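>>> After the sequence you'll find the predicted model.
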Amino acid sequence: MQKNKFNQFPVPTVSSCSTWMFSIRTKLRPFVKKRTNLASCLTTAIVNVVQRPSGIPKGSERPHKCSVCDASFPTLSSLNLHQKTHTGEKQYRCSLCPEAFARSKKFNEHQRMHAGEKPYKCTVCNKSFSFMSELKTHKRIHLFEKPYKCSFCCKAFTRPSSLYEHQRIHTGEKPYKCSLCPEAFAQSRKFNEHQRMHAGEKSYKCSVCNKSFSFMSELKMHQRIHLVEKPYKCSFCCKALTRLSSLHEHQRIHTGEKPYKCSVCLKVFRRSRTLKNHQRIHTGEKPHKCSLCCKAFGRSSSLYKHQRIHREKPYKCLICNKVFDHSAQFYEHKKMHSERRPHKCSVCSKVCITLSSLKAHQRKHTGKKLYQCSVCTKDFTTSFSMKRHELIHTGEKLYKCSVCRKGFRLSQTLKIHQGIHSREKPHKCSLCCKVFADSSRLCKHQITHTG
């Protein structure tokens, strides 16, 4: 053993690069010897560290002990930082997004992300990173280095955090629990995103159109609209889509795959949202409510169509000026003017514009009534007749007079009523020329002539 200038402290001689790898702690800095001359070492210089003097008791270089978990630290500041992991205190808050940090170092690194700073560059592929830790993790891709291996399935990962998250698949552990709803999450990122949903926060803003989003992933998908970026291409028809999920959904058109099955009636669907909408038929759930008349619907599209009743009718026929709430009704009406009636009844030779109207007509011959009222079990040949009938039970009056706000169950009853305000009397008696606002009153009057 050689002796350094502090004769009382023996120093071990360094003979190779693999020997005596030490971290120099703050308390031991006065005892660090100058670097040993290692001309033969081709990698890095190794620092000789003096052994602990006999006067310094073991463990005294970490005098600050945590009262919660008994971990010890060399300085009071490092103990204070550690204790924030127990209290959850995060004093450094980002002014641009909801993120908060316990340490100023992590906060400063996070700020670089918003500023777009990427000072750490990979020497292999020139990719840049905001944080040194990200660069180190990235370099493992080039080295094919995955040092963190799962003890359950032997899958390997480049970072320990990825391993811990993965292992929760095997253990079923979901440590992040929402205090507002029963949801629980395996990943903190998913938990934070979920919390923003409850708060209604939309921290991520598009710099092009100023539209805001709760999640960064949503913003990135949205920005493809402006970039006209459609990276996911269908291998069957070459159609390009902005999202991978949209591509999978689209490809089911070609494959005929319908993976979503109703547990009640076993009907299958191509899309999960179509299944959810369908299941509301069985459950009776109607989450979409009209803010004007409180009528509820199972689908948002049905609510949108309904709300046109309260607004102007957008579809107008240029031939007869008749107006319609829905495009389907409008296009059916247009066919009447073109006199195209391709669907013919095999019983009475009546021709219909659409196949659906032909089927509805044929039920008059067969007596088949597919639609049943859920209240009184009365049967109907068409869904329209059933829905109109159900208004009797609900007492709902959708059609309101714009003059006196009186409500009516049927649109034709409203039209008759509006004749009172307009003083229009289109129905004339052929015997005495007396006029009436509606045909029912004319019929009653005509009985007086016939006796």
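That came through, no problem.

>>> ok, and for stretch 78-94, which residues are buried?
Using 16 or more other CB atoms under 10 Å as the burial criterion, the residues of stretch 78-94 that qualify are 79, 82-83, 92. C-beta here means a position set from N, CA and C on the backbone, and glycine is covered the same way.

>>> Tell me the one of those nearest A186?
H82 (25.2 Å; CB to CB).

>>> The closest one sits in which helix or strand?
Assigned by DSSP states H and E, H82 belongs to helix 76-87.

>>> Next one: A115 from S130, what distance?
A115 sits 9 Å away from S130, going by CB to CB, to the nearest Å.

>>> avg pLDDT for stretch 184-196?
For stretch 184-196, mean pLDDT is 80.

>>> Identify all contacting residues around it.
With CB atoms under 8 Å, 6 or more residues apart in numbering as the test, stretch 184-196 has contacts from 98, 165, 168-169, 173-178, 183, 202-203, 214-215.

>>> Looking at A115 and S130, which one has more neighbours?
When neighbours are counted by other CB atoms under 10 Å, A115 and S130 differ, and S130 comes out ahead with 19 against 10.

>>> ok now do the more buried one, which residues does it touch?
The neighbours of S130, taking CB under 8 Å, 6+ apart as the test, are 109, 112-113, 117-120.

>>> what about it, distance to S203?
The spacing between S130 and S203, counted by CB to CB, is 18 Å.

>>> Likewise for H278?
Taken as CB to CB, the span from H278 to S203 is 35 Å.

>>> which stretches of the stretch 51-200 of the chain have low pLDDT?
Where the stretch 51-200 of the chain drops to pLDDT under 70, the residues are 51-61, 88.

>>> Which parts of it are strands?
Under the criterion DSSP state E, counting those that start in this stretch, the stretch 51-200 of the chain carries strands at the ranges 64-65, 72-73, 92-93, 100-101, 120-121, 128-129, 148-149, 156-157, 176-177, 184-185.

>>> go on, the stretch 351-451 of the chain?
Using DSSP E, counting those that start in this stretch, strands in the stretch 351-451 of the chain cover 351-352, 371-372, 379-380, 399-400, 407-408, 427-428, 435-436.

>>> pretty sure N277 is in a strand, no?
No: using DSSP: H, G, I helix; E, B strand; the rest coil, the secondary structure at N277 is helix, not a strand.

>>> before we move on, the earlier item: for the helix holding H82, the distance to its chain's centre please.
In this view, helix 76-87 has its centroid 36 Å away from the chain centroid, taken as CA atoms, centre = their mean, to the nearest Å.

>>> what comes up buried for stretch 321-335?
Of all the residues in stretch 321-335, those buried under the rule 16+ other CB under 10 Å are 324-325, 330, 332-334.

>>> Any idea how many residues pack against the closest residue to Q251 other than its chain neighbours?
For Q251, ignoring the flanking residues on the chain, the nearest one in space by CB to CB, 6 or more residues apart in numbering is C234 at 6.0 Å. Here the count is done by other CB under 10 Å, and C234 has 15 residues near it.

>>> where does C234 fall, phi/psi-wise?
Dihedral angles of C234 (phi, psi; degrees, to the nearest 10) stand at phi -70, psi 130.

>>> Quickly note the distance from the residue nearest to K406 when sequence neighbours are not counted to Y399.
Leaving aside its sequence neighbours, K406 sits nearest to H417 (CB to CB, 6+ apart; 6.6 Å). For H417, the distance to Y399 (CB to CB) stands at 9 Å.

>>> Also F185?
Taken as CB to CB, the span from F185 to Y399 is 48 Å.

>>> got the contact list for the closest residue in space to V208 that isn't next to it in sequence?
What sits nearest to V208 in space, not counting adjacent residues and going by CB to CB, 6+ apart, is H226, at 4.7 Å. Neighbouring residues of H226 by CB under 8 Å, 6+ apart: 206, 208-209.

>>> May I see the residues you listed arranged in JSON lines, with neighbour count as well?
Output for the contacts of H226, formatted as JSON lines (neighbours: other CB atoms under 10 Å):
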{"residue": "C206", "neighbour count": "15"}
{"residue": "V208", "neighbour count": "11"}
{"residue": "C209", "neighbour count": "10"}
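
>>> Name the weakest-confidence residue in those, if you would.
Across the contacts of H226, the member with the lowest pLDDT is V208, scoring 79.

>>> Surely it touches H222?
No: using CB atoms under 8 Å, V208 is not in contact with H222, being 9.2 Å away.

>>> thinking again about what came up before, now for the strands of the stretch 351-451 of the chain, which one comes closest to R140?
When the strands of the stretch 351-451 of the chain are compared for distance to R140 using CB to CB, the nearest one is strand 371-372, at 63.7 Å.

>>> can you tell me which residues contact I281?
Contact analysis of I281 by CB under 8 Å, 6+ apart lists G298.

>>> Helix or strand: which one has it?
Using DSSP H and E, I281 maps to helix 272-283.

>>> Map the structural domains onto the sequence of the chain.
If you go by automatic domain parsing, the domain ranges for the chain are 1-50, 85-130, 399-450.

>>> start to end distance for the shortest one?
Taking CA to CA, to the nearest Å, domain 85-130 runs 24 Å from one end to the other.

>>> Contacts made by stretch 150-166 with the rest, please.
The contact list for stretch 150-166 (CB under 8 Å, 6+ apart) reads 137, 140-141, 145-149, 167, 170, 186-187.

>>> Now find how far off-centre that stretch is within its chain.
Its chain's C-alpha centre and that of stretch 150-166 lie 27 Å apart, by CA atoms, centre = their mean.

>>> Kindly check the end-to-end length of that stretch for me.
Using CA to CA, the end-to-end distance of stretch 150-166 comes out at 8 Å.

>>> And it, what's buried?
150, 157-159, 162-163, 165-166.

>>> Format the residues you listed as CSV; extra columns: distance to H365.
As requested, the buried residues of stretch 150-166 are exported to CSV (distance: CB to CB, whole Å):
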residue, distance to H365
C150, 68
F157, 69
T158, 72
R159, 72
S162, 67
L163, 70
E165, 65
H166, 64
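
>>> what sits in contact with each of H417 and Y399?
Listed as contacting both H417 and Y399 by CB under 8 Å, 6+ apart are F408.

>>> what are the ranges of the helices in this protein?
76-87, 104-115, 132-143, 160-171, 188-199, 216-227, 244-255, 272-283, 300-307, 327-338, 355-366, 383-394, 411-422, 439-450 (DSSP state H).

>>> As CSV, these with distance to C320 would be great.
Formatted as CSV, those follow (distance: least, CB to CB, whole Å):
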stretch, distance to C320
helix 76-87, 75
helix 104-115, 60
helix 132-143, 68
helix 160-171, 64
helix 188-199, 49
helix 216-227, 40
helix 244-255, 39
helix 272-283, 35
helix 300-307, 23
helix 327-338, 7
helix 355-366, 19
helix 383-394, 22
helix 411-422, 16
helix 439-450, 20
